[in-house]
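**Student:** Build me a model:
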Amino acid sequence: MTGKQFFLSSLLLLLLQTACDDRAWNNPYPVSEDKLQISYSSFSERPKHLDPIRSYSATEYRFIGQIYEPPLQYHYFKRPYQLEPLTAVRMPDARYLDRQGQLLAKDAPVSDIAFSDYIIEIKPGIRYQPHPAFAVDSKGIPRYLNLKESDLENIKTLDDFAHVGTRELQASDYVYQIKRMAHPKLNSPVYSLMTDYIVGLKEYAGVLKAARKVAEKDKSVNSDFLDLNQYKLQGVQVIDRYRYRIRIKGKYPQILYWLAMPFFSPVPPEVDKFYSQAGMKQRNLSLDWYPVGTGAYMLTENNPNRRMMLQRNPNFRVDLYPAEGMPADRKAGLLKDAGKPMPFIDKVIYVLEKENIPYWNKFLQGYYDVSGITSDSFDQTIQFGLAGEAQLTDEMKQKGIGLLTSVETSTFYMGFNMLDPVVGGQSQRARKLRQAISIAVDFEDMISIFRNGRGIAAQSPIPPGIFGYREEKSGINPVVYKWQQGKAKRRNIAEAKKLLAQAGYPNGRDKKTGKPLLLYFDTTGAGPDSKSQWDWYKKQFAKIDVQLVIRNTDYNRFRDKMMKGNAQIYSWGWNADYPDPENFLFLLYGPNAKVKFHGENASNYNNPEYNRLFEQMNNMENSPERQLIIDKMLTILRYDAPWLFGFHPKSFVLFHDWYGNANTNQMAHNNLKYKKINTALRVKQRAAWNTPVLWPLWGILLFFIVLLIPAVVAYIRKEHRPVNQSG
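**Tutor:** Numbers count the residues shown, from 1 in each chain. Below is the predicted model:
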C-alpha cells in the first residue's frame, strides 16, 4: 500500500469511527470517567500550606475544608450564618468562673467573669481516612515509626507505603492541635491572637521553645518532633476519650466561630510523629503536602504543576443532607436530597489553569462544572435588567448555565485619618466636611464602572448575612441616603455643597483664607486601572469643588504612613474571619487605633460613647438587646462619618445544570460534600456542544479522490491493455 493510499484509508476509518461515536474528540478526560460521580474544577495558584495550623487562605481552604473537621460548622443554608455541630454532639455551652474558680450565674456581669469554660463532646465512632501513620502489625506495633533514611529509599509518595490503617477520632486529637499553635517551628498565624484568649497558651510557647533547645542539643533524638502530650497546656485539657475543655480568659463568645475553622481541627500525634521522621520532608511527605483528616474527602494526588485530586474518604461516617433552609431554598429545589447520606460526589479533579481564556473555553465546552466570571467574559455572560438586577445572557440560558450571586462577608471603605487637622477630629466643621464628601463620592457609580455591578453600596461596616445588618429603610445611612419609593436614593450634590459651606468651605474654598481646599489621598497602585480609578475619585471630589491630590506609593511606604498617622484619606478593606458584628465594628474601636495601639482601627477613630457601647456589645450573644446596641453604634458612626462606607463585593458563580445543590456560603469551608453531578446530562451536553466539524475532512477526502481518479483510470487501462505475443 502506498503512502497516499494509507492516508486515505486512515482518514476514511477516522470519519467512519466518528460517525459511530457521540463522544467529543476534544474531551480531555478518559471515557471510563463519563458515568462516574466526578467533579471537575481548576486552580491557578498552588496551595502553600495544607497543614491546618498554618493555612490561612481561601486557595488552601478549598482543599483542607473538605478533609479536616473542626467540632463546629456553618449550616449550609441558614442566613444570617448559623453555627451547628459537626463532630461535636451539641453546641458547647459556656460556664463562667470568677478568679477563685467559682461558678457564676449565666447572667453574671462581664466584669465578674475571669474565665469561660467550654466543654466540647465529640461523637463516637468517627474514623480517620486510611493512612500509613495508623498502620500496625499483628502485635499492634506501628509499622512506619522509627524509620531510617534507607527505609525510605523507594518511597516517593504515600502510595508507596504497602500498609495503611485508621483509628477512631479522640478528644485528645483536638487538644494536640491547639497545642500546635504554640509550636516554635510552625509559626501559626493565629497564635498571637489566641494568646489573648486561651489561658496559658503564651506560657506554653515558652515551654516548647525551651524543650526544643534541649532536643537540638541531644543528637540521639529527632529535634523536629516534640511530643506535645508530654507538656500540659493549662487552658486546654482532655476530660475523657470524647470530651475536652477549653478555658478562655474573661468572656469571649466569638470563640465558637473559631471552633468552625481549620485551626481547631484534630491532628493525631502519630501522624505528626510519622511526618517528622528524617527524610520525609525532602520527599514532600508532610501535613503541608498530604493532610490527614476525618472529613468526607482525602487528598490522594498532589501535583501542583499539573493537577490535584480529592477522593471520597472510605471511612467517612453517616452524614445526612440538611432538611432545613431559607424559604427560597425549598422553592429552588435545594432541599430535595434532605436526609440522604453525603457526600454524593466520589472524586474531585482540580486541573492547573494559569490563563483565563483556556479555562473559560473549557467551562463553556462542559469540561469544568463551575466557573467564576472574569472581566473578559462578563459581557458575554451577564446583562442587567431594568431594575439593575444581574441576569444571564440568552447564550448562557440556552446552555442551561445557572448563576449564583451572594454578597461577600467583606467591606471596602475610604477612611479619614481622625488625627488629621483638616478632615479629622470631632468638631462640627470637620464632621460636616466628612459628611459632604460622603454624599459626593458615589459608590454606586464605582460599582457600575469598575466592578461590572458586582457589589452593593455599604450603609455601615456590617455586610449582609452578619447579625446586626438591617434591611431596607431601617438599614440606610440617613446622612447619605433618603428613602424614596421603596429605595435608598443618594442625597443630591446641592445638599453636599450646603454641608461643605457650613464646614467653612463655600464653593470649595476656605472662607477665612480664600484658598481652594486641597485634600490628599494616600494609596498604592500601578497601571492603567489604578490611574482610571484615581481620576474617578478626583471627579467625585470635584463635584463639590474640592481638589483631590493623589499620593501614590509602594505598600511598605503606605503602611509606614498609616502606622505614623501621616495619611489624610486612604482606602482599605476587611474580610470577616467569622460572621459576627464584632469582627467589623472593632475596626473603629478607639483602643484598637493604629497609631497609638498598632491595631486595625486605621482611621484612629475614638468616640467614647461608641467605645462604651462596643464594650457592652462585644461579649453579648445575638439577641434583640444586642441589635439595639448595634443600631446605636451605627447611628454614631453615620453621624461622625470616619469612613465613606464604600461597598460590599458581590460574588458571581456560574454552574452547569448537571451540578446539583449549588449554593453559596461565604463562611463554610466544607461545601463540597453537599454537591452532586447528573452524569448522564453532562455526557449528553458535552457531546452536543463539542460536535466536530467534519466537512473540511470530507472535503480533503473528496479532493484526494478526485486527484486519484486519473491514476486509477490509467491503472485500469494498463491492466486491460492487450499483450503482444511473438512466435
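**Student:** If you drop the residues flanking it in sequence, what lies closest to residue 454?
**Tutor:** Excluding the flanking residues, the one nearest residue 454 by CB to CB, 6 or more residues apart in numbering is residue 650, at 4.5 Å. All C-beta spots, glycine's among them, are computed from the backbone N, C-alpha and C.
**Student:** Is that neighbour in a helix, a strand, or coil?
**Tutor:** Recorded secondary structure, residue 650: strand (DSSP: H, G, I helix; E, B strand; the rest coil).
**Student:** show me the contacts for it.
**Tutor:** Residue 650 makes contact with 405, 406, 407, 408, 451, 453, 454, 455, 456, according to CB atoms under 8 Å, 6 or more residues apart in numbering.
**Student:** try it again with 6 Å
**Tutor:** Residues near residue 650 by CB atoms under 6 Å, 6 or more residues apart in numbering: 405, 407, 454, 455.
**Student:** could you point out which element follows the lowest-mean-pLDDT helix or strand in the chain?
**Tutor:** Among the helical and strand segments of the chain, the one scoring lowest on mean pLDDT, DSSP states H and E is helix 3-20, with a mean of 50. Under the assignment DSSP states H and E, the closest C-terminal helix or strand after helix 3-20 is strand 38-43.
**Student:** Determine the set of other helices and strands touching that following strand.
**Tutor:** strand 347-352 (3 or more CB pairs under 6 Å, 6 or more residues apart in numbering; DSSP states H and E).
**Student:** pLDDT on the strand it packs on, on average?
**Tutor:** Averaging pLDDT along strand 347-352 gives 96.
**Student:** so what does that strand touch, helix or strand wise?
**Tutor:** Strand 347-352 sits against strand 38-43, strand 307-312, with contacts defined as 3+ CB pairs under 6 Å, 6+ apart.
**Student:** Next, the buried residues of the next helix or strand after the first one.
**Tutor:** With elements assigned by DSSP H and E, the helix or strand that comes after strand 38-43 is helix 58-67. Taking 16 or more other CB atoms under 10 Å as the neighbour-count basis, helix 58-67 is seen to contain the buried residues 60, 61, 62, 63, 64, 65, 66, 67.
**Student:** just stretch 31-41 next, same as before
**Tutor:** Here stretch 31-41 shows 34, 37, 38, 39, 40, 41 as buried, counting by 16+ other CB under 10 Å.
**Student:** where's the dip in pLDDT among the residues you listed?
**Tutor:** Among the buried residues of stretch 31-41, residue 34 has the lowest pLDDT, at 91.
**Student:** And it, how far from residue 346?
**Tutor:** Look at residue 34 and residue 346: by CB to CB, to the nearest Å, they are 13 Å apart.
**Student:** domain ranges for the chain?
**Tutor:** Domain ranges of the chain: 3-25+692-719, 53-61+69-277, 410-651, per automatic domain parsing.
**Student:** how about these in TSV, adding distance to residue 680?
**Tutor:** Listed next are the domains of the chain as TSV, based on distance: least, CB to CB, whole Å:
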stretch	distance to residue 680
domain 3-25+692-719	12
domain 53-61+69-277	25
domain 410-651	30
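**Student:** comparing those, which gets the lowest mean pLDDT score?
**Tutor:** Among the domains of the chain, domain 3-25+692-719 scores lowest, with a mean of 62.
**Student:** give me the element residue 709 is part of.
**Tutor:** Per DSSP H and E: residue 709 is located in helix 695-719.
**Student:** Next: residue 330.
**Tutor:** Residue 330 is part of helix 327-331, with elements assigned from DSSP H and E.
**Student:** Now do the same contact list for the closest residue to residue 466 other than its chain neighbours.
**Tutor:** Ranked by CB to CB, 6+ apart and with sequence neighbours excluded, the top spatial neighbour of residue 466 is residue 579, at 5.1 Å. Residue 579 sits next to 81, 409, 466, 667 when contact means CB under 6 Å, 6+ apart.
**Student:** Show me where the stretch 301-450 of the chain has its strands.
**Tutor:** Remark: strands assigned in the stretch 301-450 of the chain by DSSP state E, counting those that start in this stretch are 307-312, 319-320, 341-342, 347-352, 370-371, 382-384, 390-392, 402-407, 410-416.
**Student:** same check, this time on the stretch 101-250 of the chain
**Tutor:** With DSSP E, counting those that start in this stretch as the criterion, the stretch 101-250 of the chain has strands at 115-121, 236-240, 243-249.
**Student:** For the second one, buried residues please.
**Tutor:** The one in question is strand 236-240. Across strand 236-240, burial judged by 16+ other CB under 10 Å covers 236, 237, 238.
**Student:** show me the residues around the second one that make contact.
**Tutor:** For residue 237, the contacting residues are residue 245, by CB under 6 Å, 6+ apart.
**Student:** how far away is it from residue 138?
**Tutor:** Residue 237 is 35 Å from residue 138, by CB to CB.
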